[in-house]
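Asker: Sequence and predicted structure, then a few things I'm wondering about:
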Amino acid sequence: MAREQLTRTSQIREVYTCSPMKALHPATILAVDDTDAQLYFVSRVLHEAGFKVIESKSGTETLKLAEENPDLIILDVKLPDLNGFEICKRLKGNPATADIPVVFLSSQHDPADGKRRAQYMGATEFLSYPINPEQLTVIINAVLEKQKKRSSSAS
């Protein structure tokens, strides 16, 4: 019985890893993190899911790239020049970027406080590392789907 269950678990794991979540809609995502390993992780997961990814390592660069109107921004809290909450506040205060969904993804911030501050600044989600690739893709798809519905109902 244990061997049969182990085989079944191995088969499920194989299917799970061979068929990762894919992007439901073509989208461009601006990934922002000053830590190379974390930026690489997020970019690779999203790229493999089928998203176009633009990378940024600073707040100043992020504010400039946001003017190109990405479909979503994944934003770290701690950056070398500007804090992520300040970036979000500026994005939401600018009519040209106010409608871009912002998802925080951070390893260095208290999740409960981070979520509260992120919502106050107008962010859509606050996620913490470690995060599994499929979970990240599912959440990004859900945020983009919600944004698409909001955009089409506003038209």
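Answerer: Done, it's in. Numbers count the residues shown, from 1 in each chain.
Asker: which residues of the chain fall in helices?
Answerer: Ranges of helices in the chain, per DSSP state H, are 2-18, 36-49, 59-66, 84-93, 111-121, 133-154.
Asker: Report all helices and strands that the second one contacts.
Answerer: Taking 3 or more CB pairs under 8 Å, 6 or more residues apart in numbering; DSSP states H and E as contact, the helices and strands that helix 36-49 lies on are strand 28-32, strand 52-56, helix 133-154. In short, each C-beta sits where N, CA and C put it, glycine included.
Asker: For the ones you listed, state which one has the densest average packing.
Answerer: strand 28-32 (a mean of 23; mean count of other CB atoms under 10 Å).
Asker: residues touching E86, list them.
Answerer: G59 (CB atoms under 8 Å, 6 or more residues apart in numbering).
Asker: Please read off the pLDDT at it from the model.
Answerer: Listed pLDDT for E86 reads 96.
Asker: what's near enough to touch Q38?
Answerer: Applying CB under 8 Å, 6+ apart to Q38 gives the contacts 76, 105, 107, 129.
Asker: Of the residues you listed, which is the nearest to G50?
Answerer: L105 (18.8 Å; CB to CB).
Asker: Bridge partners for the closest one, pull those for me.
Answerer: On the basis of DSSP bridges, L105 is bridged to L127.
Asker: For A96, see how far away it is.
Answerer: According to CB to CB, to the nearest Å, L105 and A96 sit 23 Å apart.
Asker: The two: which has the busier surroundings?
Answerer: The neighbour comparison of L105 against A96 (other CB atoms under 10 Å) goes to L105, with 23 against 10.
Asker: correct me, but the more buried one touches L127?
Answerer: Yes - counting by CB atoms under 8 Å, L127 is a contact partner of L105 at 4.7 Å.
Asker: list the residues that contact both of these two?
Answerer: By CB under 8 Å, 6+ apart, the residues touching both L105 and L127 are L136.
Asker: correct me, but N69 touches P101?
Answerer: No - using CB under 8 Å, N69 makes no contact with P101, being 12.0 Å away.
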